[in-house]
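K.L.:
take this sequence and fold it.
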Amino acid sequence: MAEPIYERAMPVVRPARHSQSPPRTLVALIVLAAALLLPAGAFAAPAPQGKAPQGKKKQARTPGTLVQLSGESGCLVDRSEHHKSCGSARALQGPAPFLGSRAVALSPDGRNLYVASSESDAIAVFVRNPKTGTLKQGKGVAGCIAAQGASGCAPAVGLDGPNSVAVSPDGRNVYATSVDSQSLVVFQRNPKTGALLQRFDGTGCISGLPLPGCLTGRALVGPDVVIVSPNGANVYVGSFFGNEIAMFNRDASSGALTQPTDSSGCIAETSAAGCAIGIALKSPEGLAISGDGASVYAATALSNALVVLNRNTSTGALSQATDGSGCIVEAPLAGCTTGVQLSGANAVAVSPDDEDVYVTSLFSNSVTSFTRSSSGALTQKAGTAGCLVFLRAPGCSFGRAIKSPEGLAIAPEGTNVYATAFSTGAVDVLSREGSGAVAQVPLKGGCIGPRSAYDCSNGRALGGVSSAAVSPDGRYVYAAAFKSDAVSVFRRIVAPKHR
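P.N.:
Alright, predicted model coming up:
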């Protein structure tokens, strides 16, 4: 049988942001079309009727719920768009694209927010007020870095169609994947201003293509997501079209990256690039690493799987068990364990205590939950604790406005999980219990989104919300929305002990 076209590497074009724009890839078109077949409010419970009782005090909001900041403090949109109640920013066209689950990143010191903007070919840079949570973009080159220095930004190479971004634990570097350039881009970060600078000596870019100013790398066919290890020694990239994960060694002083030339430099479904062989690695779109640095987890969209990789904490090399513990898949596959509601596995996140792992799955419209052992192995939680689904599914709990979930973010104290839903435009609020199970917060506090998202509190500039991040102090949540060309700011209601 001929190989399906969506499983081969192929030229990449822009993702569809408006009806006139072509999709970034055939995969994105197929996925987006399937995800948008139903209206946002289908199968949702009708809005409650009647007036609220008078003369009663307003109930306190449930911890973890979100309140969007008022006026221009609550959202920034690209200056090419008009939004009467949001502020304006540069280099925000197509932020957090459909292909990519980590397009928003905060610096460890909480001073800066970075957003990958695919249609601006840029990384937007914002200075964050730690007390108020508000964002401000610097002038000129301090406010963004872009291909050919567009929009008055600092110039960069290999930044065509950036889709994911990560900050090193020491705050010295920012790394971004760019699907059109098939590249991993390296930036120096100014710790005082947050501004980014790329070196043009060959160390500022690694690409799977012969790009001027970039070094050549392996396993970079459609790079989609990037993460940095907790010790700052390694950087990992998931390549959607290559069915592979690349590994790089990071220089602690300069942030420069080198890729091992042997099989430890990547793990893939085939040995074509000289990589180690893995299972269920078709189209990795989500990556996460445990706090102890011993495990890397990959959500693979076309394998419908959660992949478990063992990380050598000394060398950074990845390996996978073949006894069934190395992957959890929706349909039976040799060498893997079977799980449920993992169709189109997308984003993955590890709880701060390293005890649980969570996955969003696009086609299942779900958030699935797994218990992590001390060895890094995973077991899907039993019964309704193991899956939360937008459309009711046997054996799973019911979720609202979680249609086409893309991104995941976990509060630093671990009490809440936030899922971004591309189709409904909602940021869904899940409470995390002591067992690690999650449940959606009841009533309108369980999600914030546009008016079309039934039973959610109202939010602004959330069309195609795709990625989110929680501030290091746990007080604010930031979300980027592809269709709205925007980043939104929310105050998080926290329990007194977490203030």
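K.L.:
may I see the buried residues of the strand or helix carrying Phe187?
P.N.:
Phe187 belongs to strand 183-189 when elements are defined using DSSP states H and E. Using 16 or more other Cβ atoms under 10 Å as the burial criterion, the residues of strand 183-189 that qualify are 183-189. The way it works is simple: take the backbone N, C-alpha and C, and place the C-beta from them, glycine included.
K.L.:
just checking: what are the partner strands of that strand?
P.N.:
strand 173-178 (antiparallel), strand 196-197 (antiparallel), strand 205-207 (antiparallel) (DSSP bridges).
K.L.:
tell me how far the residue lying closest to Gly87 once chain neighbours are set aside lies from Ala461.
P.N.:
Closest residue in space to Gly87, ignoring its immediate chain neighbours: Glu72 at 3.6 Å, by Cβ to Cβ, 6 or more residues apart in numbering. Applying Cβ to Cβ, to the nearest Å, one obtains 11 Å for the distance of Glu72 from Ala461.
K.L.:
settle it for me: which of the two has more neighbours?
P.N.:
Legend: neighbour count by other Cβ atoms under 10 Å for Glu72 and Ala461, higher for Ala461 (26 against 16).
K.L.:
does the more buried one sit in a helix, a strand or a coil?
P.N.:
coil (DSSP: H, G, I helix; E, B strand; the rest coil).
K.L.:
what residues are up against it?
P.N.:
By Cβ atoms under 8 Å, 6 or more residues apart in numbering, the residues touching Ala461 are 75, 77, 83, 86, 481, 484, 486, 488.
K.L.:
same deal with Ala486?
P.N.:
Contacts here follow Cβ under 8 Å, 6+ apart; on that basis Ala486 touches 75-78, 81, 83, 86, 92, 95, 461-463, 480.
K.L.:
make a PyMOL selection of the buried ones in these.
P.N.:
The following PyMOL command selects only the buried members of those, with burial defined by 16+ other Cβ under 10 Å:
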select buried, resi 75+76+77+78+83+86+92+95+461+462+463+480
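K.L.:
from the contacts of Ala486, which has minimum pLDDT?
P.N.:
Looking at pLDDT alone, the contacts of Ala486 dip lowest at His83, where the score is 78.
K.L.:
assess the claim that it and Val77 are in contact.
P.N.:
Yes - the pair His83 and Val77 qualifies as a contact (Cβ atoms under 8 Å) at a distance of 4.6 Å.
K.L.:
common neighbours of the two, please.
P.N.:
Joint contacts of His83 and Val77 (Cβ under 8 Å, 6+ apart) are 461, 484, 486.
K.L.:
out of those, which comes closest to Ile123?
P.N.:
Taking Cβ to Cβ as the measure, Ala486 is the one of the shared contacts of His83 and Val77 closest to Ile123, at 15.8 Å.
K.L.:
okay, and the beta partners of the closest one?
P.N.:
Val77, Ala481.
K.L.:
Gly217 versus that one, what's the distance?
P.N.:
Using Cβ to Cβ, one gets 32 Å for the distance from Ala486 to Gly217.
K.L.:
just to revisit the earlier point, looking at the buried residues of strand 183-189, which is nearest Cys144?
P.N.:
Comparing those against Cys144 with Cβ to Cβ places Phe187 closest, at 11.4 Å.
K.L.:
tell me which helix or strand the nearest residue to Gly232 once chain neighbours are set aside sits in.
P.N.:
Spatial nearest neighbour of Gly232, excluding adjacent residues (Cβ to Cβ, 6+ apart): Pro169 at 4.8 Å. Using DSSP H and E, Pro169 sits within no helix or strand.
K.L.:
so how far is Asn346 from Pro169?
P.N.:
Plainly put, Pro169 is 25 Å away from Asn346 if you go by Cβ to Cβ.
K.L.:
quick one on the thing from earlier: and the residue nearest to Gly87, what does it touch?
P.N.:
The neighbourhood of Glu72, defined by Cβ under 8 Å, 6+ apart, consists of 85-87.
K.L.:
list just the nearest of these to Glu330.
P.N.:
For Glu330, the nearest member of those is Cys86. The distance, counting by Cβ to Cβ, is 39.0 Å.
K.L.:
which residue packs closest to that closest one, ignoring adjacent ones?
P.N.:
Counting by Cβ to Cβ, 6+ apart, the nearest residue to Cys86 once its immediate chain neighbours are dropped is Cys75, at 3.9 Å.
K.L.:
that neighbour reaches Asp485, doesn't it?
P.N.:
No - when contacts are counted by Cβ under 8 Å, Cys75 is not listed as touching Asp485 (10.4 Å).
K.L.:
shared neighbours, these two?
P.N.:
Between them, Cys75 and Asp485 share no contacting residue under Cβ under 8 Å, 6+ apart.
K.L.:
how about Tyr476, nearest residue that isn't a chain neighbour?
P.N.:
Leaving out its chain neighbours, the residue that sits closest to Tyr476 by Cβ to Cβ, 6+ apart is Gly133, at 3.7 Å.
K.L.:
distance of the one you found relative to Leu106?
P.N.:
For Gly133, the distance to Leu106 (Cβ to Cβ) stands at 11 Å.
K.L.:
which residues do those two both contact?
P.N.:
The contact sets of Gly133 and Leu106 overlap at Ser471 (Cβ under 8 Å, 6+ apart).
K.L.:
so what's Gly459 up against?
P.N.:
Gly459 touches 66, 68, 425-427, 448-450, 488, 490, counting by Cβ under 8 Å, 6+ apart.
K.L.:
just these: which are in strands?
P.N.:
Among the contacts of Gly459, the members found in strands (DSSP state E) are 66, 68, 426-427, 448-449, 488, 490.
K.L.:
what's the spacing between the closest residue in space to Arg460 that isn't next to it in sequence and Ala479?
P.N.:
Nearest non-adjacent residue to Arg460, counting by Cβ to Cβ, 6+ apart: Cys75, 5.2 Å away. In this structure, Cys75 and Ala479 are separated by 9 Å, where distance is defined by Cβ to Cβ.
K.L.:
give me the common contacts of the two.
P.N.:
By Cβ under 8 Å, 6+ apart, Cys75 and Ala479 have these common neighbours: 487-488.
K.L.:
between the contacts of Gly459, which is nearest Asp121?
P.N.:
Compare each of these with Asp121 using Cβ to Cβ and the shortest gap goes to Ser488, at 22.2 Å.
K.L.:
I'd say that closest one and Ala469 touch.
P.N.:
No - with contact defined as Cβ under 8 Å, Ser488 does not reach Ala469; the gap is 11.6 Å.
K.L.:
which one's more surrounded, the two?
P.N.:
Ser488 (27 against 22).
K.L.:
from Gln93, how far off is that one?
P.N.:
Remark: distance between Ser488 and Gln93 (Cβ to Cβ) = 16 Å.
K.L.:
repeat for Ala393
P.N.:
36 Å.
K.L.:
more crowded one of the two?
P.N.:
Ranked by neighbour count (other Cβ under 10 Å), Ala393 and Gln93 place Gln93 first, with 21 against 18.
K.L.:
please report phi then psi for that one.
P.N.:
Recorded main-chain torsions at Gln93 are phi -80, psi 120, according to degrees, to the nearest 10.
K.L.:
now the helices: where do they sit in the protein?
P.N.:
Secondary structure of the chain, counting by DSSP state H: helices at 26-35.
K.L.:
okay, now the unreliable bits of it?
P.N.:
Within the chain, the stretches with pLDDT under 70 are 1-60, 497-499.
K.L.:
again, 80 this time
P.N.:
When the per-residue scores of the chain are filtered using pLDDT under 80, the ranges that remain are 1-60, 82-83, 100, 271-272, 391, 495-499.
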